[in-house]
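S.K.: what follows is a predicted structure for the sequence shown.
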Amino acid sequence: MAGHSKFKNIMHRKGRQDAVRSKLFSKLSREITVAAKAGMPDPAMNPRLRLAIANAKAESVSKDLIDRAIKKAQGGDAETYEEIRYEGFGPGGVGVIVEVLTDNRNRAAANVRSIFSKNGGNLGETGSVSFMFDRAGQIVYPAAVGSEDKVMEAAIEAGADDVESDEETHTIFTAFEQLSEVAQALEGALGAPKSTGIVWRPKTPTPVSGDAVSTLLKLIDALEDDDDVQNVYSNEDISEAELEKLAS
């Protein structure tokens, strides 16, 4: 198991956190509704719903909002959401995976395609990008939970595969089939995590430099801002020097 710093490409998003918080609440609520509609409305009997509620609580979503999202799934007029994955390439040949949860497939496809084309990218066929990623379980803790050594030790004991730490978070990766048991073991050692989920983790980062950096970040931001988009994954490797140039 290797412990190393996360790519610095997340730094550009810090200033956007307040702007996207209301969208985050909406996306978390939508996931709760979909999970409750797909299975039992009781989180004790529905692992996906239990996970969605835990992630919402970690982001301080109120109990009332969570309850409303569950009740919405039980109503006859609840929207039918479809889960769709889009794959494409951004500036610099970066692979991008977009997970959508939408009640209008045509709208979502048109929006995603437009965002790619307006920001130096192009949409590809299913499978054109995902082979460059591993499907993995991801458990995120705030940095305040403990030192890198403490988290690494807990992760090893829990049976995790890898840990990436930076100034804000410890991100623990595991085989997605083992996510539940590893998360449970970690909760016993470190407490409740900030978030838990199945993600697309890049196998090999793609270095990006020059003008492609700012265009790529605009592409990712635009995708994340779309109402139908739940998650965006990309395999870029942007150096700290490139980000400093962008900020200056």
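M.R.: Great, that's in hand.

S.K.: please go through this protein and pick out the longest strand.
M.R.: strand 133-142 (DSSP state E).

S.K.: how about that one: buried residues?
M.R.: Phe133, Ala136, Gly137, Gln138, Ile139, Val140, Tyr141 (16 or more other Cβ atoms under 10 Å). Using the backbone N, CA and C atoms, a C-beta is placed for each residue, glycine as well.

S.K.: any chance you could map the helices in this structure?
M.R.: 17-38, 47-58, 63-74, 105-118, 148-158, 179-190, 211-225, 240-247 (DSSP state H).

S.K.: quick check: mean pLDDT across stretch 147-155?
M.R.: The average pLDDT within stretch 147-155 is 95.

S.K.: centre of the chain to that stretch, how far?
M.R.: Distance of stretch 147-155 from its chain centroid, counting by Cα atoms, centre = their mean, to the nearest Å, is 22 Å.

S.K.: list the buried residues of it.
M.R.: Neighbour counts over stretch 147-155 (16+ other Cβ under 10 Å) mark Glu148, Val151, Met152, Ala154, Ala155 as buried.

S.K.: go on, stretch 156-166?
M.R.: Ala158, Ala160, Asp161, Asp162, Val163, Glu164, Ser165, Asp166.

S.K.: same thing with stretch 112-120?
M.R.: In stretch 112-120, counting by 16+ other Cβ under 10 Å, buried: Val112, Ile115, Phe116, Asn119, Gly120.

S.K.: other residues contacting it?
M.R.: Outside stretch 112-120, the residues that touch it by Cβ atoms under 8 Å, 6 or more residues apart in numbering are 86, 88, 90-91, 96, 98, 100, 121-123, 212, 215-216, 218-219, 222-223, 226, 228-229.

S.K.: pull the CA atoms of that stretch into PDB?
M.R.: What follows is stretch 112-120 as a C-alpha-only set of coordinates in PDB (Å, rounded to 0.1, in the frame of the first residue of the first chain):
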ATOM      1  CA  VAL A 112     -23.300  17.000 -21.900                       C
ATOM      2  CA  ARG A 113     -22.400  16.900 -25.600                       C
ATOM      3  CA  SER A 114     -22.600  20.700 -25.800                       C
ATOM      4  CA  ILE A 115     -20.400  21.200 -22.700                       C
ATOM      5  CA  PHE A 116     -17.700  19.000 -24.100                       C
ATOM      6  CA  SER A 117     -17.800  20.700 -27.500                       C
ATOM      7  CA  LYS A 118     -17.700  24.200 -26.000                       C
ATOM      8  CA  ASN A 119     -14.800  23.500 -23.800                       C
ATOM      9  CA  GLY A 120     -12.300  21.800 -26.100                       C
END
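
S.K.: before we move on, back to that, widest-spaced pair of the buried residues of stretch 156-166?
M.R.: Ala158 and Asp166 (20.2 Å; Cβ to Cβ).

S.K.: where does the chain have low pLDDT?
M.R.: The chain contains residues with pLDDT under 70 at 1-21, 76-78, 248.

S.K.: that one - how does it break down into domains?
M.R.: As given by automatic domain parsing, the domain ranges for the chain are 13-74, 82-131+204-247, 133-202.

S.K.: and Val213, how far is that from Glu244?
M.R.: Plainly put, Val213 is 11 Å away from Glu244 if you go by Cβ to Cβ, to the nearest Å.

S.K.: got a markdown table for the buried residues of stretch 147-155, with distance to Ala192 too?
M.R.: Formatted as a markdown table, these follow (distance: Cβ to Cβ, whole Å):
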| residue | distance to Ala192 |
| --- | --- |
| Glu148 | 20 |
| Val151 | 14 |
| Met152 | 19 |
| Ala154 | 13 |
| Ala155 | 16 |
